[in-house]
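[1] next input, structure requested:
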Amino acid sequence: MAIPIPPKGVFVPSPTFFLPLAESSSSSTPYQPTVDIATQVAHSVFLARAGITGIVLLGSTGEAIHLSASERADLVSSVRRGLDDAGFPNYPLMAGVLTSGGIEETLQWLKEYAEAGAQWGLVLAPGYFGPGVGQEGLREWYEVVADRSPIPVLVYNYPGVTNGVVVQPETYTALAKHEKIVGCKMSHGNVSHHVQVSLDPEIDHDKFRVYSGFGQQLGPIVQFGAAGVIDGLAAFFPRTVVRLFSLLEQAEQDAATKAEILRLQYIVSRAEEFIVRYGILGIREGVTRAAGFGNLEGGRLPLRGRLAEADWEKGRKLLLEGIEATEASLKE
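    Reported below is the predicted structural model:
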């Protein structure tokens, strides 16, 4: 059976939605809000209808480490059923594997995701020991995981949450030879690494996809062979990011198309500054205020909370007005 390869395009790392604490029903954890499955499904269908290529559930933005195993499995399986019911069968779903690096725990997450209906696992690089983990150790760790995983995996390199671990380009070259390692997400600002891996002649790029975690890098990396982005801004302004990617993918670009690419990349890059400044709280705030999903109470501790009203208004006026107008025009 052929190994499924994730498609090129724009993926969204979806936030996990929670009910307000006062409306939550868990007697065992009264200090944490209940997962809001209905809103999770509704937001996923909204993204699919807006042209988003696929969704990453339970990544860093999705607060996977704040959910139990049963909650994670229920969320993935519910989104899968909801997308099927809405007319999106086999819609691309990745699920984040954010363990401390234990192989058995990592494989357990992957098994549960496979049973719940995810096609791929986005597996965070093991970072407990930070830079003390050498490149050979990273390579062997991922190969052991991929050998035993029931679904294909992607390498997730996010130095900001893994004590500075960086997967080097030559390590991707080696890992891309494994038939069940089908891509990577680089959540860092080293564009050179994106370009090196995307253009590496030793990699079969039909079987190994390179995605950035930052929409502000979309134009530069796609122009040099990357597959696309897994981008938080697209969770609340999906049509604008999708439009930018679709223009970048055109084989023939006339002067008007190139001008539109430059305009959209500026708008997207400007809006991405909102996420740079406000992080996961900013993504959740944007999804609620701009897209209309969820509530302003926030997620689970220690990330419960919301932006101050003054911060939202300042950030929106300074950074989001351009993309708000563009998004509205693309709905028409």
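[2] please count neighbours and contacts with C-alpha atoms only from this point.
    Fine.
[3] okay, now Arg277: neighbour count?
    Close neighbours of Arg277, defined as other CA atoms under 10 Å, add up to 11.
[4] what's the helix or strand containing Leu138 packed up against?
    If you go by DSSP states H and E, Leu138 is part of helix 135-148. For helix 135-148, the packing partners by 3 or more CA pairs under 8 Å, 6 or more residues apart in numbering; DSSP states H and E come out as helix 103-116, helix 169-175.
[5] quick one: contacts of the very next helix or strand once past that helix?
    Using DSSP H and E, the helix or strand that follows helix 135-148 in sequence is strand 153-157. Strand 153-157 is contacted from outside by 120-125, 142, 146, 165-167, 180-188, using CA atoms under 8 Å, 6 or more residues apart in numbering.
[6] now swap in stretch 15-26 and tell me
    30-37, 39-40, 57-58, 61-63, 283-284, 294-295, 297-300.
[7] list the buried residues in it.
    Neighbour counts over stretch 15-26 (16 or more other CA atoms under 10 Å) mark Pro15, Thr16, Phe17, Phe18, Leu19, Pro20, Leu21, Ser24 as buried.
[8] averaged pLDDT, it. What do you get?
    In this model, stretch 15-26 has a mean pLDDT of 87.
[9] any idea how far it is from the chain center?
    Relative to its parent chain, stretch 15-26 has a centroid offset of 22 Å by CA atoms, centre = their mean, to the nearest Å.
[10] buried residues in stretch 89-106, which are they?
    Buried, per 16+ other CA under 10 Å, within stretch 89-106: 91-101, 103, 106.
[11] try stretch 245-265
    Quick answer for stretch 245-265 (16+ other CA under 10 Å): Phe245, Leu247, Leu248, Glu249, Ile261, Leu264, Gln265.
[12] again, but for stretch 284-300
    Quick answer for stretch 284-300 (16+ other CA under 10 Å): 284-288, 293-300.
[13] which ones among those are found in helices?
    Arg284, Glu285, Gly286 (DSSP state H).
[14] pretty sure the first one sits against Leu303.
    Same thing as Arg284. No. When contacts are counted by CA atoms under 8 Å, Arg284 is not listed as touching Leu303 (10.6 Å).
[15] of the helices and strands packed on helix 135-148, which approaches Lys317 most closely?
    Lys317 lies closest, by CA to CA, to one member of the helices and strands packed on helix 135-148: helix 169-175, at 38.7 Å.
[16] other SSEs contacting that closest one?
    helix 135-148, helix 191-199.
[17] Serialize the ones you listed to a markdown table and add fields for distance to Ala69.
    As requested, these are exported to a markdown table (distance: least, CA to CA, whole Å):
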| stretch | distance to Ala69 |
| --- | --- |
| helix 135-148 | 19 |
| helix 191-199 | 32 |
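[18] could you say which of those is packed most deeply?
    Comparing the helices and strands packed on helix 169-175 by mean neighbour count (mean count of other CA atoms under 10 Å), helix 191-199 ranks first with a mean of 19.
[19] using PDB, write out every CA atom in that one.
    Provided in PDB are the C-alpha atoms of helix 191-199 (Å, rounded to 0.1, in the frame of the first residue of the first chain):
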ATOM      1  CA  VAL A 191      15.100  30.600   5.900                       C
ATOM      2  CA  SER A 192      18.400  29.100   4.600                       C
ATOM      3  CA  HIS A 193      17.500  25.800   6.200                       C
ATOM      4  CA  HIS A 194      14.100  25.800   4.500                       C
ATOM      5  CA  VAL A 195      15.700  26.600   1.100                       C
ATOM      6  CA  GLN A 196      18.500  24.000   1.500                       C
ATOM      7  CA  VAL A 197      16.200  21.200   2.300                       C
ATOM      8  CA  SER A 198      13.600  22.200  -0.300                       C
ATOM      9  CA  LEU A 199      16.200  22.300  -3.000                       C
END
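[20] average pLDDT across it?
    pLDDT averaged over helix 191-199 gives 97.
[21] again with stretch 286-306
    On average, stretch 286-306 scores 92.
[22] first-to-last residue distance for that stretch?
    11 Å (CA to CA, to the nearest Å).
[23] where does pLDDT dip in this structure?
    26-28, 332 (pLDDT under 70).
[24] hmm, 90 instead?
    Applying pLDDT under 90 to the chain flags the ranges 1, 21-32, 100-101, 131, 189, 251-252, 297-299, 304-305, 331-332.
[25] which non-adjacent residue is nearest Leu320?
    Distances taken as CA to CA, 6 or more residues apart in numbering place Ala271 nearest to Leu320, at 5.2 Å, with adjacent residues excluded.
[26] are we agreed that that neighbour is in a helix?
    Yes. Counting by DSSP: H, G, I helix; E, B strand; the rest coil, Ala271 is located in a helix.
[27] tally of neighbours for it?
    24.
[28] how much space between it and Lys314?
    13 Å.
[29] now swap in Leu262 and tell me
    25 Å.
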